[in-house]
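Sequence unavailable; structure follows:
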């Protein structure tokens, strides 16, 4: 579906006359357009983005969270004397009458942001330094929000990383077996049953007061970091739709899951799937360099485990969707979600086989944090 981007832009306080627009990015949820405006002979680029309200059922709450978090980060950057905060944090563009969210005649919700120039994004790690820089960027994002009360944010996707409830849902679907697929995957079912006891570990620590509630990003993929095109530094974290209260370990674990693997998430040749220890080291080093001194003991102690847990959880979600008949995740071939689940379980096995080495890396890196 195409949209009248020029008409959308008229609802926001953009500078200049509309020149052109084109689809932007590789996201699968929202529709994003990069629009160029002519401001007194100087080009100005903005991002006009349609929020998928079928996924984010309360766009107003999503934007409230986003506005609060970006405003806080901007204030912290200014206090620290940052010369150009507009390159370190997204800037939301308001509408003339105020507010940040425009609803068009078709019921679509739109927002507008400055487009940060001179940056690059990557879907996969091409060199170890990128892993370090990505982890450092997410760690810095966490650090800048340490003094922001997480309870002030809306829980826009309840139980997003509540792994025990994800497991309960898996069991419900398994028992119902609506697509008649359970009998063909005994190995995958047994794998999940064997890991059930681990699913509550982080939540139990939180309940015991050892893991604090923090502001979390909840989508810590490599391509949600903007890298400076000249220096290669990870300068800004983007895609803040899922920012909400959570555990810091969810963010770190998902970053390892997506950035330290040797294969794509849907790679069917499981011999190609493993966790790369050298990339894990760079992720730990970058994250702890940015925020390590502010983490609680239990947070540091469970960094390696968090990667296994989140990978298990995502694999469980893929398998649940396979059992339901592929109704949530988009598929591009028969058995796509089953391939994804098997891939994630293979990654868990690789992490388990290297668990001792992962723990030693965490200990080595934490000793360098002042």
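All right, it came through fine. Everything numeric in this text was worked out from a predicted model, so none of it was measured. Numbering: from 1, shown residues only.

For residue 143, which non-adjacent residue is spatially closest?
Sequence neighbours aside, residue 291 is the residue nearest to residue 143 in space, at 4.4 Å (criterion: Cβ to Cβ, 6 or more residues apart in numbering). Any C-beta I mention is one placed from the backbone N, CA and C, and that applies to glycine too.

from what I can see the one you found touches residue 139, true?
Yes: between residue 291 and residue 139 there is a contact under Cβ atoms under 8 Å: 4.0 Å.

rewinding a little: what's the residue nearest to residue 143 in contact with, if anything?
Neighbour list for residue 291: 139-140, 142-143, 146, 248 [criterion: Cβ atoms under 8 Å, 6 or more residues apart in numbering].

does residue 182 really touch residue 170, like I thought?
No: counting by Cβ under 8 Å, residue 182 does not reach residue 170; the two are 10.9 Å apart.

These two: which is more packed in?
More crowded of residue 182 and residue 170, by other Cβ atoms under 10 Å: residue 170, with 21 against 17.

my guess is the more buried one is in a strand, correct?
No: checked against DSSP: H, G, I helix; E, B strand; the rest coil, residue 170 lies outside a strand; its state is helix.

Skipping adjacent residues, who's closest to it in space?
The spatially closest residue to residue 170, leaving aside those adjacent along the chain, is residue 320, at 4.7 Å (Cβ to Cβ, 6+ apart).

Equivalent analysis for residue 64, please.
Nearest to residue 64 is residue 154, by Cβ to Cβ, 6+ apart, at 6.3 Å.

any idea which element the one you found lies in?
For residue 154, there is no enclosing helix or strand under DSSP states H and E.

ok, the residue nearest the centre of the chain - contacts?
By Cα atoms, centre = their mean, the chain has its centre lying nearest to residue 219, at 0.9 Å. By Cβ under 8 Å, 6+ apart, the contact list for residue 219 reads 239, 241-242, 254.

So which bits of stretch 106-113 are buried?
Residues of stretch 106-113 classed as buried by neighbour count (16 or more other Cβ atoms under 10 Å): 108-113.

and which of the residues you listed is nearest residue 36?
Ranked by distance to residue 36 (Cβ to Cβ), these are led by residue 112 at 13.3 Å.

So what touches stretch 90-99?
With Cβ under 8 Å, 6+ apart as the test, stretch 90-99 has contacts from 11-14, 46, 66-67, 70, 74, 100, 102, 111-114, 116, 236, 238, 240.
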